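1. Quick one, fold the following:
(2 chains)
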Amino acid sequence: DTGVSQNPRHKITKRGQNVTFRCDPISEHNRLYWYRQTLGQGPEFLTYFQNEAQLEKSRLLSDRFSAERPKGSFSTLEIQRTEQGDSAMYLCASSPSGESQETQYFGPGTRLLVL
Amino acid sequence: GENVEQHPSTLSVQEGDSAVIKCTYSDSASNYFPWYKQELGKGPQLIIDIRSNVGEKKDQRIAVTLNKTAKHFSLHITETQPEDSAVYFCAASRSSGNTGKLIFGQGTTLQVKP
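-> Numbering: from 1, shown residues only, chains lettered A, B, ... in the order given. I've put the predicted structure just below:
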């Protein structure tokens, strides 16, 4: 399967714990996005990477959230001191450079439940 | 700020009928409009997209129309089948000189009754 992959698929944690999610984009896609989706809503943009550079962060991304893409390939999203309001589906998407750069392909998501 | 409104929130049709979902956007600089289908427990799957230099695009039973003046675009599904049942999201972005982040609508739950 050459699509976007995300791990883990599900995560249950207790309030106050730290969690880290991983995204592996489609090979050679240099653009990578993180979105958050709560129940019954559309995905909301969190942050964007072009290669290893983080070029935009949403106001939704509080200082408890940090994302990295150290070698311009896979990316990680860490949430520190989780709160119940962080419970959501975290989606990763990637897109190629060039003519089709707008076309984003999504992974299956990581569903986070904070107890 | 940037906003995309999507209607209806739920849509129930009989198998074989057509389904239409409508979206309006606020950012006049938006130039790319994809539609995604999301099944339970899965990530959004791109089903069709349209760019602002085109008024209509069709792919088998699915078509999208764009009215830039009115800032709205629509998804049309003909000859619906039970497997079309899912949540559909419209989105908008502006790609030139921008990150290309997608602004999504609230979603439409489509139920196709056999």
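
2. can you count the residues close to the residue in chain B positioned nearest to chain A?
-> Closest residue of chain B to chain A, CB to the nearest CB: B:F104 (3.1 Å). To be clear about C-beta, it is placed using only N, CA and C from the backbone, and glycine gets the same treatment. If you count neighbours by other CB atoms under 10 Å in any protein chain shown, B:F104 ends up with 23.

3. Residue in chain A with the shortest distance to chain B?
-> Closest point on chain A to chain B, by CB to the nearest CB, is A:G42, at 3.1 Å.

4. Report pLDDT for the closest residue to that residue other than its chain neighbours.
-> Spatial nearest neighbour of A:G42, excluding adjacent residues (CB to CB, 6 or more residues apart in numbering or on different chains): B:F104 at 3.1 Å. pLDDT for B:F104: 97.

5. With B:G1 instead?
-> pLDDT at B:G1 comes out at 66.

6. B:G97 now?
-> B:G97 is given a pLDDT of 63.

7. Surely A:E52 is in contact with A:G72?
-> Yes - the criterion here is CB atoms under 8 Å, and A:E52 meets it with A:G72 at 4.3 Å.

8. related to what we said a few turns ago, which ones are touching the residue of chain B closest to chain A?
-> A:G42, A:P43, A:E44, B:V4, B:F89, B:C90, B:A91 (CB atoms under 8 Å, 6 or more residues apart in numbering or on different chains).

9. tell me the two of the residues you listed that are most distant?
-> Farthest pair in these (CB to CB) is A:E44 and B:C90. Separation: 14.5 Å.

10. higher neighbour count, the two?
-> Between A:E44 and B:C90, B:C90 has the larger neighbour count (other CB under 10 Å), namely 29 against 17.

11. contacting residues for the residue nearest to that one when sequence neighbours are not counted?
-> Spatial nearest neighbour of B:C90, excluding adjacent residues (CB to CB, 6+ apart): B:C23 at 3.8 Å. Applying CB under 8 Å, 6+ apart to B:C23 gives the contacts B:V4, B:E5, B:Q6, B:H7, B:F33, B:H72, B:F73, B:S74, B:C90, B:A92, B:G105.

12. Relative to B:H72, how far out is B:C23?
-> Using CB to CB, to the nearest Å, we find B:C23 at a distance of 6 Å from B:H72.

13. The residue nearest to B:D84 when sequence neighbours are not counted bridge partners, please.
-> Spatial nearest neighbour of B:D84, excluding adjacent residues (CB to CB, 6+ apart): B:V112 at 5.1 Å. Bridge pairing for B:V112 (DSSP bridges) gives the partners B:V13.

14. these two touch, right, B:V112 and B:T78?
-> No - using CB under 8 Å, B:V112 is not in contact with B:T78; the gap is 11.9 Å.
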